[in-house]
Structure formats: structure tokens, C-alpha cells
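Asks: Provide a 3D model corresponding to the input given below.
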Amino acid sequence: MTAVVEFCGERFEAREDAPLTIGREADVEIDDNPFLHRIFLQVVHEGGLWWLANVGSTLTATVADPKGLFQAHLAPGARVPLALDRLTVWFTAGPTTYDLEISVDAPAFTASDTESVAPDSGEMTVGRVSLTPDQKLLIVALCEDFLRRSTAGQGQIPSSAVAAERLGWTVTKFNRKLDNVCQKLADNGTRGLHGGPGKLASNRKAKLVEHALATRIVTEADLALLDDAPAPRP
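Replies: The predicted model follows:
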């Protein structure tokens with residue numbers, strides 16, 4: 001029974017008799033990013049299952065299966081069983097967002113093959129949330145760097161100014177639509193998009209990207225939407 005972490009094209013196999021550590025100075029060395037914990041995550045074997053544990057003090061991680069049917073937010077001190085054959089983990093430290101893959105060869109559960117069917121036109125429904133075409137386009141622009149990568153690693157989320165230019169929008173328009181989509185998802189129970197009543201979280205774009213990738217609100221196929229976006233303003 002094995003568990004393997006894949007990051008930046010490298011594979012790291014966990015041992016049942018010792019935790020596999022993930023962080024700035026760990027078995028899986030992520031980056032020298034000073035915002036990243038020296039030891040942030042651990043893959044451990046206990047009670048016949050593999051677990052992913054957050055042993056950091058401030059950062060959180062988002063864990064999801066490739067089909068977007070399962071999602072968990074791993075806060076400091078929490079852990080989640082690696083009960084499916086493959087899971088993706090996203091986390092943000094300072095200005096950088098990272099993702100890695102974890103696979104186990106003897107999972108306790110198998111993900112359903114059920115696929116969501118999107119409507120042909122108009123608003124797009126994701127779970128119980130309906131996104132307008134502009135809201136979907138905004139999320140694709142924020143996730144573009146991750147959607148274009150074929151392997152797990154690290155990526156940059158564009159600033160509002162850069163994303164707005166990519167879409168041919170003004171920054172004011174971009175920020176207004178970002179407010180709207182964050183509010184819509186927050187009202188539906190998505191955490192981390194607001195810092196409190198009337199106060200937007202400083203890392204809301206990172207949380208939005210993690211949530212969108214984890215739940216497959218956007219996929220590689222949606223990159224075609226950017227081709228149809230208006231050309232940047234001169």
C-alpha cells in the first residue's frame with residue numbers, strides 16, 4: 001500500500017513507518033518562499049489509511065478529486081483521509097499558488113463517473129450557483145496559468161490590472177465583476193472570499209482560483225473562451 005506525491009515532474013513515495021513532509025524545507029521541497037511553512041503538510045499512514053495532515057500554523061490547503069466531486073479545506077491542525085485514488089492539493093503562500101498531486105494504490109473509495117451537464121447558453125450552473133458568461137470568463141482569466149500547465153507545480157495569479165487587460169476590460173469593470181462572483185460564491189457557502197462583514201479578504205483571488213480549480217468550475221477546455229474575449233484596449 002503506497003502513497004505518491006507528484007510535484008514539478010518529480011515523484012516522492014511515502015513510507016508507512018515515517019511521515020512524508022511537504023514544505024519549504026521538507027522531503028518534498030516546494031520553494032524557498034518565505035511565506036511558506038518549513039513543514040506545512042505531512043502524508044502519514046495510520047489505521048490502515050493514508051492521511052494528509054496540515055501541521056502548519058497559518059496556511060490552509062484545498063483538497064479535491066480530479067472530477068470536482070469531493071472538496072475539503074484543510075486548516076492548521078486538521079487532517080483528511082486520502083480515501084480516493086488521486087487527489088489534488090492547492091495552497092497559497094504570499095503571492096504564489098501551488099498545486100501537487102497525491103495518489104494511492106489501494107483507495108478506500110472510488111469516485112463516481114457522474115458528470116455535470118452545462119446548459120447550452122445563458123447562465124452556467126455550477127452546483128447551485130449560476131455564473132454569467134462574464135463571471136465565467138473572469139475566473140478563466142485568473143486560472144489561465146494553471147489551466148495551461150500539464151503537471152503540478154506553481155503558478156501566478158494575475159493582478160486585477162493584468163487580468164482586466166487580458167479581457168479587454170477596465171480595471172473598474174473587472175473589480176466590480178470580481179466582487180459579484182465572490183459574493184455569489186460566498187452566499188453559497190464558499191469560504192475565504194471575504195475577510196468579514198463588509199471587508200474583502202486580501203487573498204480572495206487566490207481562494208477563488210483554488211475553489212474554481214478544485215470544483216472544476218473551469219477546465220482546460222474553457223481556455224477557448226479567452227480566444228473570444230475582446231482584444232485588449234490600445
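Asks: secondary structure class for the closest residue to residue 24 other than its chain neighbours?
Replies: Distances taken as CB to CB, 6 or more residues apart in numbering place residue 36 nearest to residue 24, at 4.5 Å, with adjacent residues excluded. To be clear about C-beta, it is placed using only N, CA and C from the backbone, and glycine gets the same treatment. Counting by DSSP: H, G, I helix; E, B strand; the rest coil, the backbone at residue 36 sits in coil.
Asks: Surely residue 36 and residue 22 touch.
Replies: No - using CB atoms under 8 Å, residue 36 is not in contact with residue 22, being 9.7 Å away.
Asks: hmm, back to that, who are the neighbours in contact with the residue nearest to residue 24?
Replies: Residue 36 makes contacts with 23-24, 30, 59, 93-94, as judged by CB atoms under 8 Å, 6 or more residues apart in numbering.
Asks: Which pLDDT value goes with it?
Replies: On pLDDT, residue 36 comes in at 96.
Asks: ok, it to residue 222 distance?
Replies: As judged by CB to CB, to the nearest Å, residue 36 and residue 222 stand 29 Å apart.
Asks: Kindly report the same for residue 40.
Replies: To residue 222, residue 40 is 30 Å away according to CB to CB.
Asks: give me the element the residue nearest to the spatial centre of the chain is part of.
Replies: Nearest to the mean C-alpha position of the chain, by CA atoms, centre = their mean, lies residue 210 at 2.5 Å. Assigned by DSSP states H and E, residue 210 belongs to helix 204-214.
Asks: List the buried residues in whichever helix or strand comes after that helix.
Replies: Downstream of helix 204-214, the first helix or strand assigned by DSSP H and E is helix 224-227. Across helix 224-227, burial judged by 16 or more other CB atoms under 10 Å covers residue 225.
Asks: Mind giving me the packing neighbours of helix 224-227?
Replies: Using 3 or more CB pairs under 8 Å, 6 or more residues apart in numbering; DSSP states H and E, the elements in contact with helix 224-227 are helix 133-147.
Asks: If we go by neighbour counts, what in the helix it packs on is buried?
Replies: Within helix 133-147, the residues scored as buried using 16+ other CB under 10 Å are 134-144, 146-147.
Asks: Determine which two of these are furthest apart.
Replies: Using CB to CB, the pair of the buried residues of helix 133-147 lying farthest apart is 134 and 146, separated by 20.2 Å.
Asks: looking at the chain, which helix or strand does the model trust least?
Replies: Ranked by mean pLDDT, DSSP states H and E, the weakest helix or strand in the chain is strand 124-126, scoring a mean of 43.
Asks: what's downstream of it, the next helix or strand?
Replies: Following strand 124-126 toward the C-terminus (DSSP H and E): strand 129-131.
Asks: Give the pairing partners of that next one; include direction for each.
Replies: In the sheet, strand 129-131 lines up against strand 124-126 (antiparallel) (DSSP bridges).
Asks: Perfect, that will be all.
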